[in-house]
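In: one predicted model, sequence on top.
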Amino acid sequence: MDLFLYNTLTRQKEKFEPYHENEVKMYTCGPTVYWTQHIGNMFAYICADVFKRTLTFAGYHVNHVMGITDVGHLVSDDDTGEDKMEKGARNEGISAWDLAKKYTDQFFADTKSLNIIKPPITCKATDYIQEQIDAVKTLEEKGFTYKTSDGIYFDSIKDPTYGELAKLDIEGLCAGERVEMAEKKCKTDFALWKFSPKNEQRQMEWDSPWGVGFPGWHIECSSFCLSQFGEQVDIHTGGIDHIPVHHTNEIAQNKGITGHRVVKYWLHNNFLVRADGKKLSKSSGDKVFLQDYIEKGYDPLAVRYLALTAHYRTPIKFSEDLVKMAQTALERLNEKVVGLKKDAPAPTKTKETNKWLDELKTVLFDDFNTAQAMTVLRDAINDSSLSSEEKLYITYEADRVFGLDLGKEKTIEIPEKVKMMAGQRLIARQQQNWALSDIIRDQIDEAGFVIKDTANGYELKEK
Ligand SMILES: [Zn+2]
């Protein structure tokens, strides 16, 4: 079955045809590791994970690479302001290297909680300095650069297709607004290599043919892609906020270096927004970190579930109440699947299951419509003409894409105090002291557990 995806470059849904049959090279811009990633950023990684899982489900072998920005991302997109890493390190009183490690570890802990499959290759900008210098050298040799007092810049007017991804009017952008441009020739020009400030000792800086300094933010992603994949990349993912600057500049660099288009399909996810449509923000009291939800006892997979309930190209409403509702919905779905497992230990593939899988593929291969795919799964589970074995087979296949651990029974930690109360209640029952047995049952209930009498004694469950 053909797969169609929406390519930001052409603003059209296109049939997916990778450079090499059955093989997909996919790149995702990773985090700038100066702080804990906002839940809105984590959404971009859930989307990339769903793209990858869907492509795998479709039978492709997916090579996935993610970049980690541990140097060169300045506070402002205009190539001004401090490096986010140097600033973060100073604020926390640790080295920029330790800061990078701390937040890289935090990021991968969060992606693990969200069942995001870790890309087999992750590239750190500080490990690719030579590759970035070589890329800038190539651009220099081909006449795409110029030098200012603070760095080497990409001359965007030299690229006749500059801004094609964001449909930028480069002529308009290059005229006027000289004040904001400083020494830049055009507003859309961007730093490829920045010199270390003369009166400041940076923690992260390297020698280069142009002087001591550090790479610009955009050149790292081009360097990762070209060194890991060569000159043909099938899919590049990221949030829509990257369209006008970061990805636009990556395209210009790639074309400048190779002389042709490198990435075939650009996939961009929309944002998580508050109920009133505004951006989530910590200052408005929103819980913006995954850890905030985990600490309050939410299952991080409820966040993943919520992310799957709308199309990735539309703004997705997000709030604590919605996470709560998603958690309830996920628990109900999971209970049904656990019930199916008890009924039917062996999932079974039949002619009927093939029909349902085709249905799933039809919606998933139509630009990753997870919301409709979840409806298909729910319909299958509720279809009385299917056996439990068949339902289980469909569920497990769908969950290869959803990544919700459906059917996994949660192992709950029962506190010692509750176990002791259950033991005392058992003794009370054996002594036919029903009044005491009822009192203890209420106490267990207050502690958040439900006790059920069984032939062998009792069973404890979380309320
Ligand atoms: Zn990037």
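Out: Arrived safely, thanks for sending. Numbers count the residues shown, from 1 in each chain.
In: in the stretch 101-250 of the chain, what residue lies closest to the ion?
Out: residue 221 (3.3 Å; C-beta to the ion). Every C-beta, even on glycine, is put in place using the N, C-alpha and C of the backbone.
In: which strand or helix spans that residue?
Out: Assigned by DSSP states H and E, residue 221 belongs to helix 217-229.
In: may I see the buried residues of that helix?
Out: Within helix 217-229, the residues scored as buried using 16 or more other C-beta atoms under 10 Å are 217-229.
In: same list (these) but as TSV, adding pLDDT.
Out: What follows is the buried residues of helix 217-229, written out as TSV (pLDDT from 0 to 100):
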residue	pLDDT
217	91
218	96
219	96
220	95
221	96
222	97
223	97
224	96
225	96
226	97
227	97
228	97
229	97
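In: and residue 420, how far from the ion?
Out: 55 Å (C-beta to the ion, to the nearest Å).
In: helices or strands next to the helix or strand containing that residue in the packing?
Out: Element membership for residue 420 (DSSP H and E) is helix 416-430. Judged by 3 or more C-beta pairs under 8 Å, 6 or more residues apart in numbering; DSSP states H and E, the packing partners of helix 416-430 are helix 434-446, strand 449-454, strand 457-462.
In: and that helix with strand 449-454, angle?
Out: 40 degrees (axes from the mean of the first three to the mean of the last three C-alpha atoms, to 10 degrees).
In: got the buried residues for helix 416-430?
Out: Buried, per 16+ other C-beta under 10 Å, within helix 416-430: 418, 421, 422, 425, 426, 428, 429.
In: could you pick out the residues of this structure near the ion for me?
Out: For the chain, the contact set with the ion under C-beta under 5 Å from the ion comprises 29, 221.
In: recalculate using a threshold of 8 Å.
Out: 27, 29-30, 67, 69, 217-218, 220-221, 238, 242, 246-247, 250 (C-beta under 8 Å from the ion).
In: in helices, which of the residues you listed fall?
Out: 217, 218, 220, 221, 250 (DSSP state H).
In: output the contacting helices and strands for the helix holding residue 221.
Out: Using 3+ C-beta pairs under 8 Å, 6+ apart, helix 217-229 sits against strand 23-32, strand 61-69, strand 121-124, helix 129-141, strand 190-195, helix 248-258.
In: would you mind writing the CA trace of it as PDB?
Out: What follows is helix 217-229, C-alpha atoms only, in PDB (Å, rounded to 0.1, in the frame of the first residue of the first chain):
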ATOM      1  CA  TRP A 217      23.700  26.500  14.900                       C
ATOM      2  CA  HIS A 218      22.500  25.700  11.400                       C
ATOM      3  CA  ILE A 219      25.800  24.300  10.000                       C
ATOM      4  CA  GLU A 220      25.700  21.500  12.500                       C
ATOM      5  CA  CYS A 221      22.600  19.800  11.100                       C
ATOM      6  CA  SER A 222      23.900  20.000   7.500                       C
ATOM      7  CA  SER A 223      27.200  18.500   8.700                       C
ATOM      8  CA  PHE A 224      25.400  15.600  10.600                       C
ATOM      9  CA  CYS A 225      23.200  14.800   7.700                       C
ATOM     10  CA  LEU A 226      26.000  14.900   5.100                       C
ATOM     11  CA  SER A 227      28.400  12.900   7.200                       C
ATOM     12  CA  GLN A 228      25.900  10.300   8.300                       C
ATOM     13  CA  PHE A 229      23.800   9.900   5.200                       C
END
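In: show me what contacts the closest residue to the ion within the stretch 351-463 of the chain?
Out: Using C-beta to the ion, residue 368 is the residue of the stretch 351-463 of the chain that sits closest to the ion, at 20.5 Å. Contact criterion C-beta atoms under 8 Å, 6 or more residues apart in numbering gives 5, 47, 50, 51, 54, 311, 312 as the residues in contact with residue 368.
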